[in-house]
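Trainee: test case, fold it:
(one chain, ligands or ions: 2)
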Amino acid sequence: MTNFSFYNLVLLLCLSFVIYYSLNIYLFNDLQSTVSKSDFSLAEHHALSKQVTKGNSFSKNTTSNSLLSVHKAIVVKSKILKPVFRNKNPKYIAIKQKLLSCFFPKTYNSSSVWKIANSWPNANVVFPSTDKLIGAVINALTTDSIHSMKNSRRGTQLKLVLELTNSQLVLFKPSWYSRDEIMNGSVYSGKDRHNSEIVSFHLAAILNLRYTPIVAGRRISLRDSIKYADAELQQTMPVVNNLQCVYGVCHFCKSDEIVCDDQQNGTLEGAVLFTIPGKIIKYRSPWQRTYKEQLKAEWEKNDNYCALISKKLNFDVLLDLIDAAIFDFLIQNGDRHHYETRENRVLLLDNGKGFGNPFVDHIDILAPLYQCCYIRRTTWERLLIFSGGALSETLEELNKLDSLYPLLNKNHYVAIERRLLYIYSTVELCREKFGNKTLK
Ligand SMILES: Nc1ncnc2c1ncn2[C@@H]1O[C@H](COP(=O)(O)OP(=O)(O)OP(=O)(O)O)[C@@H](O)[C@H]1O
Ligand SMILES: [Mn+2]
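Mentor: Ligands and ions are numbered 1, 2, ... in the order given. Down below sits the predicted model:
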């Protein structure tokens, strides 16, 4: 090598270092800046990625600071994450195998299965981390006989209350959409997706955030079960085109928005949710949206919002809400307007608004994480075990055990992996700024 090319090489290396570090300093300075736009489409993601790989984005954009929101910093950082975030961690295999053996549907005894499921909840933990009987409860949700059916008055959307053996009540959220349907518009648009409730339960088990109800897919025949329906519900069960339908009684229930047994097999798909026993208390979410396009909530305007909110909240609840934000970001549930607690810890109830659009990431769902820059160490360590494709792989294998598989199309699994990288990059940006104080 001549002297000339050797010096060139050294110069190039120094220059790359300078660019790399100034990029990081720039990103972390920007971390707490005002959020200007709440979501990223795939096209924008690709455009930003190109800028980064060309290495020209930040030096040229320094004059238009406002353009570089915290969301952009997260996307950009996700492109330069270390291999530990991109490769598989062999530790996930043993956890996956254990989960699969626990979730595998098993025979059950109707009179004891519900006693067991009701004995499990402890604070906000709804089911054990490893217990073969989880598969028995799943199977009971799918097949235990229905003794009565009524309308649920809880919440705003159509839900049925099914009575199974030993007076066990479960909630049935019906299917409104096909798997390929895409929700456009706001982050909270559309009705509940029953598949989102099922997949959320699986995801919660993988992330060891076992705060969701136990949920399983089920096909019920409205035609066969109308005889078990109470009078109020029966009045909202018309026959349309020779098919038995229902629209129920609730805030958003309308006689022209109905679900029906399908033509092929005469059944209606839905998610059956185990009802979590005990006292559940509802609170307004500190990160609640205004649900008005023109009106910004305080958390969308105030850079110091977390400091404000952490004075008012129990720290465990705050960390729970950050876990919930991570969970909601993966599924893209932007509708957690309230949170509910059991024994002063947060439950993950109402997960039907996930998986609406696999091509958009609403990064503002992560606001509790990037505004507070805290994450439970246990959550962080668990996320690190499922890097490099292990999360969607494990999720799909659990999904396969459900009677309604496929629960998601491929695009949603791809989206989960992309979003996981954004979570990693957010925490990395926090750690660059605050060091290990980020991990709690
Ligand atoms: N699995 C469950 N176990 C115990 N309680 C539940 C369960 N699922 C829902 N609930 C209760 O019923 C209420 C309504 O359920 P959910 O939030 O899923 O309905 P929704 O129609 O989406 O309501 P909203 O319009 O308020 O979002 C919840 O706030 C919760 O208190
Ligand atoms: Mn809801």
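Trainee: all contacts plus neighbour counts: C-alpha atoms, from now on.
Mentor: OK.
Trainee: tally of neighbours for Lys296?
Mentor: 12 (other Cα atoms under 10 Å).
Trainee: ok, the closest residue to it other than its chain neighbours to Phe329 distance?
Mentor: In space, and not counting its chain neighbours, Lys296 is closest to Thr290: 6.5 Å by Cα to Cα, 6 or more residues apart in numbering. In this view, Thr290 and Phe329 are 18 Å apart by Cα to Cα, to the nearest Å.
Trainee: mind checking which helix or strand the residue nearest to Lys296 is in?
Mentor: Per DSSP states H and E: Thr290 is located in neither a helix nor a strand.
Trainee: returning to what we had before: quick one, which of Thr290 and Phe329 is more surrounded?
Mentor: Phe329 (24 against 13).
Trainee: the more buried one: what secondary structure?
Mentor: When classified by DSSP: H, G, I helix; E, B strand; the rest coil, Phe329 comes out as helix.
Trainee: so who does the closest residue to it other than its chain neighbours touch?
Mentor: With Cα to Cα, 6+ apart as the criterion, Phe329 has its nearest non-adjacent residue at 5.5 Å, and that residue is Ile365. The neighbourhood of Ile365, defined by Cα atoms under 8 Å, 6 or more residues apart in numbering, consists of 325-326, 328-329, 332-334.
Trainee: closest to Arg193 among those residues?
Mentor: Taking Cα to Cα as the measure, Arg193 sits nearest to Asn333 out of the contacts of Ile365, at 10.6 Å.
Trainee: in stretch 118-133, what's buried?
Mentor: Judged by neighbour count using 16 or more other Cα atoms under 10 Å, the buried positions of stretch 118-133 are 118, 121, 124-129, 132-133.
Trainee: export the residues you listed to a markdown table and tack on pLDDT, distance to Thr156 and secondary structure?
Mentor: Listed next are the buried residues of stretch 118-133 as a markdown table, based on pLDDT from 0 to 100; distance: Cα to Cα, whole Å; DSSP: H, G, I helix; E, B strand; the rest coil:
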| residue | pLDDT | distance to Thr156 | secondary structure |
| --- | --- | --- | --- |
| Asn118 | 98 | 26 | helix |
| Pro121 | 98 | 26 | coil |
| Asn124 | 98 | 24 | coil |
| Val125 | 98 | 25 | strand |
| Val126 | 98 | 24 | coil |
| Phe127 | 98 | 27 | coil |
| Pro128 | 98 | 30 | coil |
| Ser129 | 98 | 32 | coil |
| Lys132 | 97 | 35 | coil |
| Leu133 | 98 | 33 | helix |
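Trainee: for those residues, work out which two are farthest apart.
Mentor: Within the buried residues of stretch 118-133, Asn124 and Lys132 form the most distant pair, 20.4 Å apart (Cα to Cα).
Trainee: so what's whatever residue of the stretch 301-440 of the chain ends up closest to ligand 1 up against?
Mentor: Nearest to ligand 1, among the residues of the stretch 301-440 of the chain, is Asp350, at 3.7 Å (Cα to the nearest ligand atom). Neighbouring residues of Asp350 by Cα under 8 Å, 6+ apart: 197, 336.
Trainee: got it, and Ser78?
Mentor: By Cα under 8 Å, 6+ apart, the neighbours of Ser78 are 421-422, 424-425.
Trainee: between those residues, which has the most around it?
Mentor: Of these, with other Cα under 10 Å as the count, Tyr422 tops at 26 neighbours.
Trainee: was I right to think that one contacts Ala73?
Mentor: No. With contact defined as Cα atoms under 8 Å, Tyr422 does not reach Ala73; the gap is 9.7 Å.
Trainee: show me the helices in the stretch 201-350 of the chain, by range?
Mentor: For the stretch 201-350 of the chain, the helices defined by DSSP state H, counting those that start in this stretch cover 222-225, 231-234, 298-301, 305-310, 315-331.
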